[in-house]
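S.K.: no sequence on this one, just coordinates:
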């Protein structure tokens, strides 16, 4: 057996550690990235943390340009993996899927190909470039699993589970994502500042009464009392899983909410007002032409530098309201993840950890033949019980709490 | 008669208009700048506003590099002015003074040569490079007038006047500068963003009990109830006139305070925390090396673009406390200047207007033989009564208000 992982950022870091912890199942591992040193650093970390379970299996670093289908095909033909795990940035998804179809190799990713921030590329059309592969995956006789991170990913598994076991009728699905951690910096982003800032300033899309509603960022807010981390302000945002849930789970309203502290939003609003979040190049008095957002990225702390000192917890879950046996019902299904504990185990913080663990859970289900039908699937289409049984053994627990049904 | 003005920024703009309004005294005018088009724009504005009083006198634009002493000497020899008015940035003062000494030409400026923001160049030493010219001005038989703007400038004339007429003993001199105007932008600077941000993040210096005290920016704050513009928060800051007043006016404490709104300081603090106010170059992921502060300058509104829509007023004055005839006394001597009225008259806002009018007041006093002793003088050394009699006729009124003496 063998797997090929493409991408060596924060999520790739955790996926590799978790893959190595289960390499008795996965077999030989190859980690590929545009930057070879990032792959090598991950391998050093895995060995340093004693996370390579079966030392008779190999773990290798290779360089690849994930935009280049021909290069990917060559690499896949060399490695001959049973599964390609895409841990790269969203914009490489389509190239990697193309290479998997051409080589008849199973595929798994953790986020949607579409840049949700650019005009004309929005939530309603988010999955179109990837869903266009559906027939070709079936014809090639291969499995493709889309959006198997936490959000997208586990939050949809929670909703699928609730739809199957807990509700007769669903009024609303609210995905709730809050990072109540503290990285000790007055301001920093938890992943690439450029991607983060583009995502945050984009319009939000929510699905209600079978229609898409587009609203400006931060225009819909609510306060939610999260388990463990307490009351937090959350804001409606564009996010991949709203699209796939709207396709596969019947509900009157589906929406994604992310927590931002008042301080974070203040920084964001100042930076946006002065024009620092713009991708439109400006020319300085010295005649240097540069994108303001790229300058912001250069001056903010490198997100990976934050992990060692990170404390506190994330709480991500799915809040469902509807009816069961004629009575109103409200439940919150969630995970709590601790930054420090994540770092101690795999040398990365909880935000990467919560994305990496579900990807490996899904990959194991594929290897176990439980999520391995031929064709292209979002996680909402797959059996949630298998997933929720397995995930706690890979590193993320989950809870269901009944809330007062207003 | 003729004058040579060097510098064509906001202050130069107003100086040129006011000079033109009095060109029956000043004679032929030459405006020089590194950027010829800026001089030409000012001349167009002067003619458009009908501010050239005596149309038989000439007004010319010329290009000069004010850093280049030889070029300045050549220009002065060509123009043969009776007075050089330095309206350039602070760092050209020394070069222009050198050229004036070499050509035996009278000199006047509105701010100190020293960059108050750079380490090692601070308020206690602020005037050293210019005071070093004292003997040479006397030997050359020429007049030099330093710091004849509003602050520095008029605020010291107020203090000199109070010392002469209103107090037997002065406990404290607080220069109070507030711009209660509104330029309609959420954030913008009123003059060059680079100079402004460097000035604001520098340490403050105040003079007390014959000693200099250095404190971090914004660490000393008070609320002051200004005439007309009302209660405003002001913060202790490094400013030129604290140095010259400490030299020439006996007082137990001398300090400069500038008003900042909470919103302005919030923008400032966010920008400083993320590193955007740094002059240390950074390299973007695209390999472009750039100073963050220069990028800020490129994205913020051009300060000159703010003038047309500016509303509201500035209030700048000198608050003195001490004793007269054995009784405690507290007075505030101040000017109120209206942005819109300034713009209507000279096509620039009140911040430039309040600096340009005093310079021309001082220049007129020089031409009238009232401020024309041979040697180098700060305004504290010159007769305040002549100045305060004349200034209202040039465009700025002043008031004395008695405050409760605590």
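M.R.: Yes, it's here. Predicted model, so just to flag it, every value in this text is computed and none were measured.
S.K.: got the residues of the stretch 51-200 of chain A near chain B?
M.R.: Within the stretch 51-200 of chain A, the positions lying close to chain B (C-beta under 8 Å from any C-beta of the partner chain) are A:186, A:187. C-beta coordinates here come from the backbone N, C-alpha and C atoms, glycine included.
S.K.: In contact with the closest residue to chain B within the stretch 51-200 of chain A: list those residues for me.
M.R.: Residue of the stretch 51-200 of chain A nearest chain B, by C-beta to the nearest C-beta: residue A:186 (4.8 Å). Residue A:186 sits next to A:263, A:267, B:273 when contact means C-beta atoms under 8 Å, 6 or more residues apart in numbering or on different chains.
S.K.: Would you confirm that the last one contacts residue A:187?
M.R.: Pointing back at residue B:273 there. Yes. Using C-beta atoms under 8 Å, residue B:273 is in contact with residue A:187, at 6.1 Å.
S.K.: Touching both of the two, which residues are there?
M.R.: residue A:267.
S.K.: quick one: which of those two has more around it?
M.R.: It is residue A:187, of residue B:273 and residue A:187, that has more neighbours when counted by other C-beta atoms under 10 Å in any protein chain shown, with 19 against 14.
S.K.: can you pull the contacts of the more buried one?
M.R.: The neighbours of residue A:187, taking C-beta under 8 Å, 6+ apart as the test, are A:263, A:264, A:267, A:300, B:270, B:273, B:274.
S.K.: In helices, which of those appear?
M.R.: Cross-referencing the contacts of residue A:187 against helices under DSSP state H gives A:263, A:264, A:267, B:270, B:273, B:274.
S.K.: Just the buried residues of those residues.
M.R.: Using 16 or more other C-beta atoms under 10 Å in any protein chain shown as the burial test, the ones in helices among the contacts of residue A:187 include A:264, A:267, B:270, B:274 as buried.
S.K.: what would these look like in CSV with distance to residue B:194 and pLDDT?
M.R.: Shown next, in CSV, are these (distance: C-beta to C-beta, whole Å; pLDDT from 0 to 100):
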residue, distance to residue B:194, pLDDT
A:264, 28, 93
A:267, 22, 96
B:270, 18, 96
B:274, 17, 96
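S.K.: Go through these and name the one nearest residue A:239.
M.R.: Distance to residue A:239, by C-beta to C-beta, is smallest for residue A:264 among these, at 17.4 Å.
S.K.: Give the closest residue to that closest one in space, chain neighbours not counted.
M.R.: Nearest residue to residue A:264, sequence neighbours excluded (C-beta to C-beta, 6 or more residues apart in numbering or on different chains): residue A:187, at 7.2 Å.
S.K.: residues near residue A:90, how many?
M.R.: If we define neighbours as other C-beta under 10 Å, then residue A:90 has 18 of them.
S.K.: Give me the phi and psi for it.
M.R.: Residue A:90 adopts backbone torsions of phi -50, psi -30, taken as degrees, to the nearest 10.
S.K.: surely it meets residue A:110?
M.R.: No. If you go by C-beta under 8 Å, residue A:90 and residue A:110 don't touch, sitting 9.4 Å apart.
S.K.: Common neighbours of those two, please.
M.R.: Applying C-beta under 8 Å, 6+ apart, one finds that no residue jointly contacts residue A:90 and residue A:110.
S.K.: hmm, stretch A:301-321 in reach of chain B?
M.R.: No. If you take C-beta under 8 Å from any C-beta as the test, stretch A:301-321 misses chain B, and the best it gets is 9.4 Å.
S.K.: And the closest residue to chain B within the stretch 1-150 of chain A, its phi and psi?
M.R.: Closest residue of the stretch 1-150 of chain A to chain B, C-beta to the nearest C-beta: residue A:35 (11.7 Å). For residue A:35, the backbone dihedrals (degrees, to the nearest 10) come out as phi -110, psi 100.
S.K.: Equivalent analysis for residue A:204, please.
M.R.: Phi and psi for residue A:204, reported as degrees, to the nearest 10, are phi -90, psi 150.
S.K.: burial of it, as a residue count?
M.R.: For residue A:204, the neighbour count with other C-beta under 10 Å is 24.
S.K.: Next up, the contacts around it.
M.R.: A:214, A:215, A:216, A:217, A:219, A:220, A:235, A:236, A:237, A:238, A:255, A:256.
S.K.: filter these down to the ones close to chain B.
M.R.: Of the contacts of residue A:204, not one also sits near chain B (C-beta under 8 Å from any C-beta).
S.K.: still on that earlier bit, please tabulate the buried ones among the ones in helices among the contacts of residue A:187 in CSV, including the columns distance to residue A:125.
M.R.: As requested, these are exported to CSV (distance: C-beta to C-beta, whole Å):
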residue, distance to residue A:125
A:264, 29
A:267, 31
B:270, 35
B:274, 34
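S.K.: which one of those sits closest to residue A:286?
M.R.: Among those, residue B:274 lies closest to residue A:286 (C-beta to C-beta), at 21.0 Å.
S.K.: Roughly how far does the closest one sit from residue B:263?
M.R.: For residue B:274, the distance to residue B:263 equals 17 Å [C-beta to C-beta, to the nearest Å].
S.K.: Next: residue A:225.
M.R.: 32 Å.
S.K.: check contacts around the closest residue to chain B within the stretch 301-406 of chain A.
M.R.: Residue of the stretch 301-406 of chain A nearest chain B, by C-beta to the nearest C-beta: residue A:301 (9.4 Å). With contact taken as C-beta under 8 Å, 6+ apart, residue A:301 is in contact with A:185, A:188.
S.K.: Just the endpoints, please. Distance across stretch A:318-331?
M.R.: End-to-end span of stretch A:318-331 (C-alpha to C-alpha, to the nearest Å): 8 Å.
S.K.: which residues are contacting that stretch?
M.R.: Stretch A:318-331 has contacts (C-beta under 8 Å, 6+ apart) with A:155-156, A:158-159, A:162, A:166-176, A:224, A:251, A:332-334, A:400-406.
S.K.: Same question for stretch A:100-110.
M.R.: With contacts defined as C-beta under 8 Å, 6+ apart, stretch A:100-110 is touched by A:11, A:69, A:73, A:76-77, A:81-87, A:93, A:96-97, A:99, A:133, A:136-137, A:140-149, A:152-153, A:355, A:358-359, A:362-363, A:366, A:372.
S.K.: Up against chain B, what does the stretch 251-400 of chain A have?
M.R.: Contact residues (C-beta under 8 Å from any C-beta) of the stretch 251-400 of chain A with chain B: A:266-267, A:270-271, A:273-276, A:278, A:282-286, A:288-292, A:294-300.
S.K.: Repeat the analysis, applying 10 Å as the threshold.
M.R.: Taking C-beta under 10 Å from any C-beta of the partner chain as the measure of proximity, the stretch 251-400 of chain A contacts chain B at A:263, A:266-276, A:278, A:280-286, A:288-301.
S.K.: Among the residues you listed, name the buried ones.
M.R.: Using 16+ other C-beta under 10 Å as the burial test, those include A:266-272, A:274-276, A:278, A:282, A:284, A:288, A:290-301 as buried.
S.K.: Next up, the contacts around residue A:52.
M.R.: When contacts are counted by C-beta atoms under 10 Å, 6 or more residues apart in numbering or on different chains, residue A:52 touches A:17, A:19, A:20, A:21, A:23, A:29, A:43, A:46, A:58, A:59.
S.K.: go again using 7 Å as the cut-off
M.R.: Residues near residue A:52 by C-beta atoms under 7 Å, 6 or more residues apart in numbering or on different chains: A:20, A:23, A:46, A:59.
S.K.: burial count for the nearest residue to the second one once chain neighbours are set aside?
M.R.: Once flanking residues are discounted, residue A:23 sits nearest to residue A:57: 4.6 Å by C-beta to C-beta, 6+ apart. One way to gauge burial is a neighbour count; for residue A:57, by other C-beta under 10 Å, it gives 17.
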